[in-house]
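Colleague: Build me a model:
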Amino acid sequence: MTFKSSAVTHVGMVRKVNQDSYAERSDIGVWAVADGMGGHEAGEVASATVTDAIKNLSPQGSFEATVQAVEQSIMTANQQLLEQAATYDSQRVPGSTVVALVIDGDKGALVWAGDSRIYRRRNQEVSLMTRDHSHVQDLVEQGVILEDEAESHPMANVITRAIGISEPLELESMLIEVWPGDQFLLCSDGLSRLVTIPELESMMANKDSEEVTQSLLHTALVRGARDNVTLICVKGSADGDKDAENDESTVIQPSPDKDDFNFDFD
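Modeller: Numbers count the residues shown, from 1 in each chain. I've put the predicted structure just below:
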């Protein structure tokens, strides 16, 4: 299979700084989105530290080695951010979410920490593949609140895992089977808070990767985009499909502030 991807990042309609970052390494089958936090330049530095580590990966020779390299690069970024934290005051601790996708043929892996997400579209249906590491997700799973109440909950911004916050870092990972025609969407919560799964099913249907990213970005901006918006669409096709021969990357206004997030260190 061949994979075509398109990425876009936008500061949104309210923030002054874009603290999101992404890594698009179609050449080695790796894609990642990071959503920085900490206020001012701290979040921007944090997300860039994570994605730069992934951007700098060299070819590994096997799927298993690539997954391990991605995980190790995130661990290294975590250590770097912990060391940098000493130079910031306690109100601006640099941290970042991360969600990464690794694909090699029919094998795939998801690696993440925080509430950035990966969705998969297969046979006209979109599924959320990752579980948010957030306080409200814990409450939903405990039956304390309904899923529909999560977005408006006063602690909706509290995440329970992030890069640069603690050692050791606890990453979650999942191995998946990849089918021809599978379409993946990696995104920060600046997008996922604004669109529903039925809307994703509609907007990801019968479109190439760039059309998907532009359509979703437009929707986020029309709906106010109070946060930074970053997304990558990755689409697989059978070898020889002209639509998947070349990778494309579209970046719109990569201007960086994401307001300080609340943290749950438990």
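
Colleague: Just the pLDDT for the residue most central in space within the chain.
Modeller: Residue closest to the mean C-alpha point of the chain, counted by C-alpha atoms, centre = their mean, is Val33 at 3.4 Å. If you check Val33, the pLDDT there is 99.

Colleague: Check which helices and strands the strand or helix carrying it sits against.
Modeller: Assigned by DSSP states H and E, Val33 belongs to strand 30-37. Packing partners of strand 30-37 (3 or more C-beta pairs under 8 Å, 6 or more residues apart in numbering; DSSP states H and E): strand 20-25, helix 41-55, helix 63-84, strand 95-96, strand 98-104, strand 183-187, strand 229-237. Every C-beta, even on glycine, is put in place using the N, C-alpha and C of the backbone.

Colleague: Provide the contact partners of the second one at residue level.
Modeller: Residues lying outside helix 41-55 but in contact with it, judged by C-beta atoms under 8 Å, 6 or more residues apart in numbering, are 17-23, 25, 30, 32-38, 70, 73-74, 76-77, 80-81, 84, 88, 92-96, 98, 100, 163-164, 256-258.

Colleague: And that helix, what's buried?
Modeller: Under the neighbour-count criterion of 16 or more other C-beta atoms under 10 Å, helix 41-55 has 41-51, 53-55 buried.

Colleague: Quick check: end-to-end length of stretch 12-31?
Modeller: 22 Å (C-alpha to C-alpha, to the nearest Å).

Colleague: list the buried ones in it?
Modeller: Across stretch 12-31, burial judged by 16+ other C-beta under 10 Å covers 12, 15, 17-26, 28-31.
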